[in-house]
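Colleague: What follows is a predicted protein model with its sequence.
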Amino acid sequence: MERETFKSRLGFILISAGCAIGIGNVWRFPYVVGNNGGGIFVLIYIFFLIVLGIPVMSMEFSVGRASRKSIVKAYTSLEKPGTKWHFMGYASMIGNYLLMMYYTTVAGWMLYYCFATATGKLSGLDASGITQHFSNLTGSPVTMIIFTFIVITIGFLICSLGLQNGVEKITKPMMLALLAIMVILAINSLTIDGGAEGLKFYLYPDIAQINKIGWFRVIVAAMNQAFFTLSLGIGSMLIFGSYQSDKTSIIKESSTIAALDTFVAITAGLIIFPACFAFGVNPDSGESLVFITLPNIFNSMPLGRLWGSLFFLFMTFAAFSTVIAVFENICSITMDIWSISRKKASVINIFVLFITSLPCIFGYNILSNVKPFGQPHFLAFEDYLVSNILLPIGSLILVLFCTWKGGWGIDNYFKEVNKGDGPKLSRRLIPYLKYVIPVIILIVFLSGIIG
């Protein structure tokens, strides 16, 4: 069967960027920036995005485009006879399922809050009321099951319609709307009285803060953020490389996607920090920021219900952009392994993902006393496995596969990455790609394990 392709270059860029752009851009990046020296951290982060993120992303795209297959078959089709690189394909498949086992739950929270804010359920609540509202959500397995199932069903229904007629047709306008909503929210935050202090905390270079934390720790934090923000290592980008045209160079596309991801991450801070400082609220990270801190702020500001509704609509789009992208990967993997139709693969995976997401849902209520491997709940444990184990190890194996003789090989990688119009990768970088990047990834891996 002939491989599907994107209808337009814009579709490829927006969908690939949508995979990278997720909830982590909003509830982690601004907090990390603010607590690691502000503007200097951003510059270090962008440096590592260029020297680490873009090269590794280009390798995922290259393997995908050269093989025209999903992650589970890509290594098999490109590896030398008798080698065992293909085992990484199955590890990556597990990584995609693990990621969606908890990400769909969080996406369900976003969808729930989008409805709750728009219908006024949060209006008039004080700080304790808003905290209790989130506790009521996570304490109700039925509510969480309903919204998680809605997310899973919508995601796979979109994938079942095909790459062009489903994934591209839905994701392209959704991503454009996401970017537009972000800009509107950022402009609103920047015009709030007292918001300038938040902007200063966020982006003003704070040498004293860096000296306090230590330059090495700040550099490693920037390295970690640059690496994890693009979700590299489990084939999330590789699948879109398999649909990519030969007309444009991979370095050009990788740079564009990394720039979009960075724009969203930085703009998220422009939304959050001015608002937090204007209303005297501590800017947390994670669940407390999105579901407790920000709703409190929206309740305090003029037209808060409108701004809150827009914010959670943006968060829902950000969540769905990742869900649809990874679901497309899972569908393609299922189709490649069992040679079944896209619709059958979608139906099967609706039930597989629903069942496997239940431990994460129950970890907040029925199974709240279970602490898997010392983690507070199943969501934290599954996130740890994906973020700290599978992403760095998968990326390390990918880099070795693309640069070493026993794998696909550096010559094949350069031949693929430099196809098409746009910037080319210089062969002078071979020692850097072959030796330095693996060392950087090992540092990221070890810092994640030790941390």
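Modeller: In hand now; what should we look at?

Colleague: Next up, the contacts around Ala20.
Modeller: Residues counted as contacts of Ala20 (Cβ atoms under 8 Å, 6 or more residues apart in numbering) are 229-231, 236-237, 257-258, 260-261. From N, CA and C alone the C-beta is placed, and that goes for glycine too.

Colleague: List just the nearest of those to Glu4.
Modeller: Using Cβ to Cβ, Met237 comes nearest to Glu4 of these, at 16.5 Å.

Colleague: Who are the contact partners of the closest residue to the closest one other than its chain neighbours?
Modeller: In this structure, Met237 finds its nearest non-sequential neighbour in Glu60, 4.2 Å apart by Cβ to Cβ, 6 or more residues apart in numbering. Going by Cβ under 8 Å, 6+ apart, Glu60 touches 232, 235-238, 241, 398.

Colleague: So which of those residues wins on neighbours?
Modeller: Gly235 (32 neighbours; other Cβ atoms under 10 Å).

Colleague: what's that one sitting at in phi/psi?
Modeller: Note on Gly235: backbone dihedrals following degrees, to the nearest 10 are phi 80, psi 10.

Colleague: Just to check, it is in contact with Ser70?
Modeller: Yes. Using Cβ atoms under 8 Å, Gly235 and Ser70 qualify as a contacting pair, with a distance of 6.9 Å.

Colleague: Buried residues of the one helix or strand Leu137 maps to, list them for me.
Modeller: Using DSSP states H and E, the element containing Leu137 is helix 127-138. Buried positions in helix 127-138, judged by neighbour count with 16 or more other Cβ atoms under 10 Å: 130-131, 133-134, 137-138.

Colleague: Could you name the helices and strands sitting against the helix or strand just after that helix?
Modeller: Using DSSP H and E, the helix or strand that follows helix 127-138 towards the C-terminus is helix 141-160. When contacts are defined as 3 or more Cβ pairs under 8 Å, 6 or more residues apart in numbering; DSSP states H and E, helix 141-160 packs onto helix 87-118, helix 127-138, helix 304-338, helix 342-362.

Colleague: Can I get these in a markdown table including mean pLDDT and distance to Leu178?
Modeller: Shown next, in a markdown table, are the helices and strands packed on helix 141-160 (pLDDT from 0 to 100; distance: least, Cβ to Cβ, whole Å):
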| stretch | mean pLDDT | distance to Leu178 |
| --- | --- | --- |
| helix 87-118 | 95 | 12 |
| helix 127-138 | 94 | 23 |
| helix 304-338 | 94 | 4 |
| helix 342-362 | 97 | 23 |
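
Colleague: about what we covered before: show me whatever sits in contact with both of Gly235 and Ser70.
Modeller: Joint contacts of Gly235 and Ser70 (Cβ under 8 Å, 6+ apart) are Asn329.

Colleague: will you turn the helices and strands packed on helix 141-160 into JSON lines that also has distance to Pro274?
Modeller: Compiled in JSON lines, the helices and strands packed on helix 141-160 are given as follows (distance: least, Cβ to Cβ, whole Å):
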{"stretch": "helix 87-118", "distance to Pro274": "20"}
{"stretch": "helix 127-138", "distance to Pro274": "20"}
{"stretch": "helix 304-338", "distance to Pro274": "12"}
{"stretch": "helix 342-362", "distance to Pro274": "33"}
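
Colleague: nearest to Gly198, of those helices?
Modeller: helix 304-338 (15.4 Å).

Colleague: Now that closest one: buried residues?
Modeller: 304-305, 307-336.

Colleague: tell me the angle it makes with helix 141-160.
Modeller: 60 degrees (axes from the mean of the first three to the mean of the last three Cα atoms, to 10 degrees).

Colleague: Off-centre distance for helix 304-338?
Modeller: 10 Å (Cα atoms, centre = their mean, to the nearest Å).

Colleague: Show me the shaky parts of the stretch 351-451 of the chain.
Modeller: Residues of the stretch 351-451 of the chain meeting the criterion pLDDT under 70: 451.

Colleague: So which residues of it form helices?
Modeller: Ranges of helices within the stretch 351-451 of the chain are 378-384, 391-403, 410-417, 430-431, 437-450, based on DSSP state H, counting those that start in this stretch.

Colleague: Outside of the third one itself, list whatever touches it.
Modeller: The contact list for helix 410-417 (Cβ under 8 Å, 6+ apart) reads 58-59, 61-62, 65-66, 78, 249-251, 402-404, 425, 427, 430, 433-434.

Colleague: Likewise for the first one?
Modeller: Outside of helix 378-384, the residues within contact range by Cβ under 8 Å, 6+ apart are 98-99, 101-102, 105-106, 359-360, 362-364, 367, 370, 372-373, 375.

Colleague: on that earlier part again, could you dump the helices of the stretch 351-451 of the chain into JSON lines with distance to Ile21 added?
Modeller: As requested, these are exported to JSON lines (distance: least, Cβ to Cβ, whole Å):
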{"stretch": "helix 378-384", "distance to Ile21": "17"}
{"stretch": "helix 391-403", "distance to Ile21": "16"}
{"stretch": "helix 410-417", "distance to Ile21": "23"}
{"stretch": "helix 430-431", "distance to Ile21": "31"}
{"stretch": "helix 437-450", "distance to Ile21": "20"}
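
Colleague: Would you mind saying which of the helices and strands packed on helix 141-160 lies nearest Phe201?
Modeller: Between those, helix 304-338 lies closest to Phe201; by Cβ to Cβ that is 19.9 Å.

Colleague: And the contacts of Glu60, which is closest to Ile145?
Modeller: Within the contacts of Glu60, the smallest distance to Ile145 is 25.7 Å, found for Ser236 (Cβ to Cβ).

Colleague: tell me the phi and psi of Met237?
Modeller: According to degrees, to the nearest 10, Met237 has phi -90, psi -30.

Colleague: mind listing what it touches?
Modeller: Taking Cβ under 8 Å, 6+ apart, we find Met237 in contact with 16, 19-20, 57, 60-61, 64, 230-231.

Colleague: Who are the contact partners of Leu161?
Modeller: Counting by Cβ under 8 Å, 6+ apart, Leu161 has contacts 167, 169.

Colleague: Could you rerun that using 10 Å?
Modeller: By Cβ atoms under 10 Å, 6 or more residues apart in numbering, the contact list for Leu161 reads 167-170, 342-343, 346.

Colleague: cool, Trp307 as well?
Modeller: By Cβ under 10 Å, 6+ apart, the contact list for Trp307 reads 117, 184-185, 188-189, 271, 275, 294, 297-298, 301.

Colleague: Please check the residues you listed and keep the buried ones.
Modeller: Buried subset of those (neighbour count, 16+ other Cβ under 10 Å): 117, 185, 188-189, 271, 275, 294, 297-298, 301.

Colleague: all strands of the stretch 151-300 of the chain, in order?
Modeller: Counting by DSSP state E, counting those that start in this stretch, the stretch 151-300 of the chain has no strands to list.

Colleague: Okay, helices next: where are they in it?
Modeller: Assigned by DSSP H, counting those that start in this stretch, the helices in the stretch 151-300 of the chain fall at 169-190, 196-203, 207-213, 215-228, 238-241, 250-278, 287-288, 294-300.

Colleague: the inter-axis angle of the first one versus helix 196-203?
Modeller: If you take the same axes, to 10 degrees, helix 169-190 sits at 120 degrees to helix 196-203.

Colleague: Okay then, goodbye and thanks.
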